[in-house]
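Engineer: Okay, structure incoming, though there's no sequence with it:
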């Protein structure tokens, strides 16, 4: 998913606050102290959504920050990855932790489980480059 | 065996004892990586492309790339412009950096086609002044700002909250903390979060700890940014840090997926310190780091050597190289938090001089951690500038009309906000069932300077609470409820707004900060548009008035009290003074003496000064006449006017502020027998001696000139008051009025 947004759409918090929803689907306009008091909100309602990250990525790109845009698109793919698993993936990508095959499996898993093609591409690149520079785990 | 070598020269011994000579200075040793720029092992810039992308870069062919080369070639180098850039002379590019007619965006475009060696080659053409000009143009955000460090040795929550609130009130855009004992992290992050939001809404906060814990704190909503992502310029140093560019790139996305701002960390000297410089210069390795930072998609970087700063500063050109690395970050389009955080020198002169390289141009964060607490409480290892230096910083801003990101505050404001922050964290601890914070601790935190002023806490109980908090389900949302329940509605609202901003993500954009109304300011809506005089950020209007208003400034009209009449009536004007015919000394005083002004600069009463001089004259058996001069306020001319009327030709000229001259009518007005130009050095004894010497001159008795003790700081201390007294005396001049003889009553 990619979107083109005019630079003027920024800041989203001022210009598009009606259309922003958290990852849980709760509208930004519902994230109020009254609702906190009423007990209708949970911490999960304060997570950024994939859609909003894609919009931020489009805004970064519109101002020429292409690498940041790529990062935010990968982030958009990761919003549904549970916290502990996110740390596990990071650990898997550290040097000497995984075999080539294990990294390729992880890349494929990111596509099937999370529909995360850009993250998968980063992991495949990691596998290729660790192979070329001798940073893989020899065998499991 | 140690032998102490004493300098035979006392001059050299005095120099050796200076603070600057506690610093270490070494000659470059490229093999060990101890060279700031231009190591013989640094490659020449080169690139060649083929269908698969970069076939060769900086003298290394693709098959020999290490993983940093691979990452740079794959993610950081813009293949659209690389050929154009690489064939452009580095001097031509360097000139574009300082050319006010070439916009920032165009420079960023060209620089995105630089290999690491090319980046360094461009920097090599710039001197520090040119780098400063380029930095002013190239930083991402138009408005400069600053970051604070908030920690304390006792890891005391009430003190952390109070100090965070004060830092927020002083205008820091980010408050960074860390811990001495790792397990304190969740409580420290909590205290700094609550204190910061009480101090000013919108301050971003972080607690720098191990990466996994760091991310968990962020996910709980206890921190809003992280700058712990370190990168290195050689693959071995990277691996020693248990990371690669790929793992860091993933981590950057992981943080962003939770709505958390990140900034990478790099800096000259780290590879040499880790023993993995490969003989390359510090700046070349930093250029590689910065391309990794950009390629990984970080919005920004903190560099400027950071904790290694003393290493480049031991080398020739080290400070220039550190400025060059700051500039390199900006030309790559990265937010820059420009160091000036770790202790860089024993010498205050050297520290301040180095600071000016970032302070004057302005950067996105002028320090990547101003130690807003005393040095002994700084758990980052001691700040380069600490709480004790806050007033110095504010004065530098006022001196140069430069915005260094710190606002002066008043003691009453500080006490109020500190008390409120300490009470707020006390309330949160009570609501979350943490070990209680007592009223005595709140009071201590309100007035404390350092953790020495704080009572001890039960550390075992606190750490147990910290463990439960980190592992449990409570988050920042529970903190919002706690604040709200205990009546801290404003704090609850601000903390909630920080959580809402996480859903919006505007602060993930380059160089983003919030103002107190949570209006985001980043490279997207506050892009640096400096294009020479009259453009870009200008410190003026409300902000300039705020930075001028130091609490210690005074109204000059109040420095000298209005007319004091208490000692006034001791002088009675008799009439126009006649020329004397018998041996005498004339004592000529200024137009305001004893009337508009009744004391000297140092507060000695005029009546006493007059009596001391007259005692001196009369003690030598000579008579004296006093006259007031109206046509001038200048000491020499007052004295000379008196001398022309003196029977002996000798007179003493005395200004109201106390400056004195012994004159003779045969001398030119600006010549004299003896001059006592610095009134603060004169005591009543000196005035008595002045009278005695003047009498001796009149009697033609040989007499040695009066010896004075000299206070070198007198002028510094009193120049404003001197100016004001002289202004008032000058106001009393009556043009053309004759000297008037005065009787002392």
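Structural biologist: Okay, I see it. For clarity, every value in this text was computed on a predicted model and none was experimentally measured.
Engineer: How far away from the center of its chain is stretch A:94-110?
Structural biologist: Centre-to-centre, stretch A:94-110 and its host chain are 18 Å apart (CA atoms, centre = their mean, to the nearest Å).
Engineer: What are the contacting residues of it?
Structural biologist: A:77, A:89, A:91-93, A:116, A:119-121, A:123-124, A:126-127, A:130-131, A:135-140, B:238-239, B:242-244, B:247 (CB atoms under 8 Å, 6 or more residues apart in numbering or on different chains). Placement of C-beta: from N, CA and C, glycine included.
Engineer: Taking chain B, what residue is nearest to chain A?
Structural biologist: Going by CB to the nearest CB, chain A is nearest to residue B:297 of chain B, at 2.6 Å.
Engineer: follow-up on the earlier one: buried subset of the contacts of stretch A:94-110, written for ChimeraX?
Structural biologist: To isolate the buried ones among these in ChimeraX, judged by 16 or more other CB atoms under 10 Å in any protein chain shown, type:
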select /A:77,89,92,93,116,119,120,123,124,126,127,130,135,136 /B:238,239,243,244,247
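Engineer: now, which of the contacts of stretch A:94-110 lie within helices?
Structural biologist: A:77, A:89, A:91-93, A:119-121, A:123-124, A:126-127, A:130-131, B:238-239, B:247 (DSSP state H).
Engineer: how about low-confidence regions in chain B?
Structural biologist: B:1-5, B:561-569 (pLDDT under 70).
Engineer: Centre-most residue in it?
Structural biologist: residue B:393 (3.3 Å; CA atoms, centre = their mean).
Engineer: contacting residues around it?
Structural biologist: Residue B:393 is in contact with B:370, B:385, B:404, B:406, counting by CB under 8 Å, 6+ apart.
Engineer: do the same with residue A:71
Structural biologist: Contact analysis of residue A:71 by CB under 8 Å, 6+ apart lists B:249, B:252-253, B:256, B:296-298.
Engineer: Off-centre distance for stretch B:156-176?
Structural biologist: A distance of 18 Å separates the centroid of the chain from that of stretch B:156-176, by CA atoms, centre = their mean.
Engineer: what comes up buried for it?
Structural biologist: Taking 16+ other CB under 10 Å as the criterion, stretch B:156-176 shows B:156-176 as buried.
Engineer: And stretch B:81-92, by the same measure?
Structural biologist: Buried residues in stretch B:81-92 (16+ other CB under 10 Å): B:81-82, B:85-86, B:88, B:90.
Engineer: Just list the residues touching the nearest residue to residue A:59 once chain neighbours are set aside, thanks.
Structural biologist: Excluding the flanking residues, the one nearest residue A:59 by CB to CB, 6 or more residues apart in numbering or on different chains is residue A:10, at 5.0 Å. Neighbouring residues of residue A:10 by CB under 8 Å, 6+ apart: A:59, B:506, B:509, B:522, B:524-525.
Engineer: let's go with 7 Å and repeat that
Structural biologist: Residues in contact with residue A:10, defined by CB atoms under 7 Å, 6 or more residues apart in numbering or on different chains, are A:59, B:506, B:524-525.
Engineer: go on, residue B:372?
Structural biologist: Contacts of residue B:372 (CB under 7 Å, 6+ apart): B:148-150, B:163, B:166-167, B:172, B:387.
Engineer: how far away is the residue lying closest to residue B:103 once chain neighbours are set aside from residue A:8?
Structural biologist: Distance criterion CB to CB, 6+ apart; nearest residue to residue B:103, sequence neighbours excluded, is residue B:531 at 6.5 Å. Going from residue B:531 to residue A:8 by CB to CB, to the nearest Å gives 22 Å.
Engineer: Compare neighbour counts for these two and give me the winner.
Structural biologist: residue B:531 (15 against 10; other CB atoms under 10 Å in any protein chain shown).
Engineer: rewinding a little: mind putting the buried residues of stretch B:81-92 in TSV, secondary structure and distance to chain A included?
Structural biologist: Compiled in TSV, the buried residues of stretch B:81-92 are given as follows (DSSP: H, G, I helix; E, B strand; the rest coil; distance: CB to the nearest CB, whole Å):
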residue	secondary structure	distance to chain A
B:81	coil	12
B:82	helix	14
B:85	helix	16
B:86	helix	19
B:88	coil	20
B:90	helix	23
